[in-house]
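J.: Generate coordinates for the sequence data below:
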Amino acid sequence: MPKPKTPQRSYAEKLCLKHPDFGDRTIARMVHKKFPDKTIEAIRKMVRDATGHGGEATRNYKSEDTKKLFKPLEYNYKKTNLYKPDSKEYISAQKRKLSKSKYYIVTWAQNNTPVHKEFLHNIESYAKFIGAEIHVILGRYKNPTSIFQGKTDEHWANEILPYADAKRQKIHKNLMILSDIRVQPTAEYPMTGLESISGLSSCIIGHPKRQFYVVAALEGYEPKNMFTTGAITVDNYTDSKAGKKGEFDHTTGFVIIEIKDANTFFARQVTCVDDGSFSDLCYNVKDGKVTKDAKIKYANMGDIHVDVKCPIVEKQQVKLLDYFKPKHTIVCDVFNGTSVNHHEEKDPIKKYFLQQNGDNLIKNEFERMFKWCDKWIKYNLVFIASNHNDFIDRYIKRMDWKNDIPNSKEYMEMTQILLSGNAPDGIVAYKLKERYGKKIKTIGRNESFRIGGIELSQHGDIGTNGAKGNIKSFKRLSTKMDIQHTHTPAYYGGVMQVGTSTVTRVGYNVGASNWENADGICHENGKRQHIIYMGDNKEFTTFKF
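T.: I've put the predicted structure just below:
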């Protein structure tokens with residue numbers, strides 16, 4: 001005789017059999033953990049079917065006392081807004097197929113909220129102009145006070161439905177669009193905890209805040225960049241503290257991706273102004289028209305460090321600056337401090353090799369710095385006080401000249417300069433002014449230097465009250481800022497941090513590193529972009545300059 005089939009049991013039934021002492025609420029929570037995307041009604045039914053059997057348990061389930069057991073679970077669904085959507089729009093977006101393209105424009109849209117129509121019009125025009133595919137990541141925010149909110153339905157603006165995306169997309173072997181992940185629009189750091197979810201690939205996450213940072217990687221691995229998109233919908237938040245913070249940080253923008261070849265891609269964040277217009281590298285887009293006439297207010301270069309500067313990156317930087325001809329070019333750490341590095345003064349092996357090459361001589365290092373400046377002086381250089389420029393001042397204050405005879409003459413000369421009070425901003429600033437006069441600007445530690453409302457005087461090494469600086473502490477200040485110092489590009493809450501102009505391995509950044517070659521530019525409309533140099537040739541775009 002055939003063996004009778006074992007009856008199929010639901011997960012809730014198996015839990016009941018395995019744990020007969022568990023109550024309805026415990027079973028429901030375990031089912032929710034196993035199936036987080038199921039609706040509350042579906043979980044109720046599973047628990048009812050598992051515990052009911054047509055007897056007392058069914059009547060208990062229907063009673064008010066047992067219904068109360070589900071309230072914490074219902075509250076969790078409502079609070080986190082994790083319920084499974086039933087809208088056809090969202091289900092269709094989950095089936096979005098990726099079309100092969102050289103360019104992609106990725107942004108984010110909030111449910112039950114109008115789009116910024118002028119911005120959408122300009123995005124469509126730009127996409128048509130460069131041949132880009134548009135992806136709009138569908139996002140949610142439960143806002144009971146919204147004037148746009150429907151009573152029960154969930155929808156997205158009809159204008160963006162042709163571009164809707166709710167499916168994870170692998171658009172390059174080193175880049176993913178995480179369209180299937182929804183992060184609360186009010187999250188302060190929306191990418192935190194998602195660093196490993198895309199594996200070794202860089203990733204783009206849909207979110208109305210503009211944020212960007214680099215995940216540390218071991219030598220030989222591709223740099224891993226994480227971007228948020230900005231939004232295509234207008235701001236629509238509650239009047240709570242979290243809602244008001246979300247409204248303040250709401251950014252209308254997108255990420256543009258350029259696929260150069262199988263190994264290299266370029267990505268940039270683009271932000272629009274109130275009228276929906278925007279600039280991306282050399283292009284301006286306004287009222288649906290694309291013009292190649294973008295200008296910039298300034299360029300902010302990654303830390304220079306002349307002695308370890310990457311010549312391949314420098315070639316691309318010159319290309320960028322020759323095209324834009326900025327009114328100001330911000331530079332930091334021009335003086336590397338190779339000859340007076342206090343971190344290496346007790347390393348006899350390092351000192352031996354420096355002496356072999358003549359790199360231990362201060363006068364030689366100044367000559368190398370001047371040689372670089374002579375070539376770059378045409379770009380309207382602004383020198384910001386920075387920690388490596390300070391190395392020479394620290395050397396004078398700590399060193400006994402009798403212990404460094406090869407540099408004794410320079411030691412005496414620079415000591416006299418400091419004692420005379422003629423170098424309030426340090427020896428490097430003094431030497432630069434002496435050589436170039438009014439052709440350059442030097443900015444001291446406590447000076448302010450603002451362009452278009454953006455503070456550029458801070459290198460980033462010194463924070464509040466002399467403490468060690470970092471980008472998250474600077475974002476608490478009441479002004480937009482550009483900083484440098486860490487050699488890793490980032491963007492948080494109005495603070496842009498550029499990367500480095502050096503080779504990305506210089507001996508002391510051992511192990512995993514998030515150093516990356518990246519500069520910053522500020523367009524005439526006041527919006528800033530990172531220029532990230534990628535690939536073996538350290539290029540930054542496929543556009544023709």
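
J.: now the helices for the stretch 151-300 of the chain?
T.: Assigned by DSSP state H, counting those that start in this stretch, the stretch 151-300 of the chain shows helices spanning 241-249.

J.: and residue 259, how many neighbours?
T.: 17 (other Cβ atoms under 10 Å). Every residue, glycine included, has its C-beta placed from N, CA and C.

J.: who touches the residue sitting nearest the centre point of the chain in this structure?
T.: By Cα atoms, centre = their mean, the chain has its centre lying nearest to residue 212, at 0.4 Å. By Cβ atoms under 8 Å, 6 or more residues apart in numbering, the residues touching residue 212 are 225-228, 269, 489-491, 530.

J.: buried sites along stretch 168-181?
T.: For stretch 168-181, burial by neighbour count (16 or more other Cβ atoms under 10 Å) applies to 168-169, 171-172, 174-179, 181.

J.: Oh, that last question was meant for stretch 466-481, not what I typed.
T.: In stretch 466-481, counting by 16+ other Cβ under 10 Å, buried: 469-471, 474, 480-481.

J.: Closest one of the residues you listed to residue 462?
T.: Lowest distance from residue 462 to the buried residues of stretch 466-481 (Cβ to Cβ) belongs to residue 469, with 5.3 Å.

J.: which residue sits closest to that closest one, ignoring its sequence neighbours?
T.: residue 463 (3.5 Å; Cβ to Cβ, 6 or more residues apart in numbering).

J.: again with residue 246
T.: Residue 246 sits nearest to residue 186 (Cβ to Cβ, 6+ apart), 3.9 Å away.

J.: Phi and psi next, for that neighbour.
T.: With angles defined as degrees, to the nearest 10, residue 186 sits at phi -90, psi 0.

J.: What's the local residue count around it?
T.: For residue 186, the tally of surrounding residues (other Cβ under 10 Å) stands at 22.

J.: Rebuild the buried residues of stretch 168-181 as CSV, extending it with distance to residue 16.
T.: Formatted as CSV, those follow (distance: Cβ to Cβ, whole Å):
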residue, distance to residue 16
168, 35
169, 40
171, 45
172, 48
174, 47
175, 46
176, 40
177, 41
178, 37
179, 37
181, 33
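
J.: Which members of the residues you listed occur in strands, if any?
T.: Using DSSP state E, the members of these that fall within strands are 168-169, 171-172, 175-178.

J.: Quick one: which of the contacts of residue 212 is the most crowded by neighbours?
T.: Top of the contacts of residue 212 by neighbour number is residue 489, holding 27 neighbours under the definition other Cβ under 10 Å.

J.: returning to what we had before: state the number of residues packed around the residue nearest to residue 469.
T.: By other Cβ under 10 Å, the residues close to residue 463 number 18.

J.: you'd agree it is up against residue 471?
T.: No - with contact defined as Cβ atoms under 8 Å, residue 463 does not reach residue 471; the gap is 9.8 Å.

J.: What separation do you get for the residue lying closest to residue 304 once chain neighbours are set aside and residue 223?
T.: Take residue 304 and drop its neighbours on the chain: the residue closest to it by Cβ to Cβ, 6+ apart is residue 334, 4.7 Å away. Distance of residue 334 to residue 223, computed by Cβ to Cβ, to the nearest Å: 25 Å.

J.: Report pLDDT for residue 36.
T.: Per-residue confidence at residue 36 stands at 71 (pLDDT).

J.: for it, helix, strand, or coil?
T.: Per DSSP: H, G, I helix; E, B strand; the rest coil, the local secondary structure of residue 36 is coil.

J.: Go through the buried residues of stretch 466-481 and flag which are in strands.
T.: Using DSSP E, the subset of those located in strands is 480-481.

J.: So which of the buried residues of stretch 466-481 is the closest to residue 190?
T.: Distance to residue 190 across the buried residues of stretch 466-481 (Cβ to Cβ) is lowest for residue 471, with 15.6 Å.
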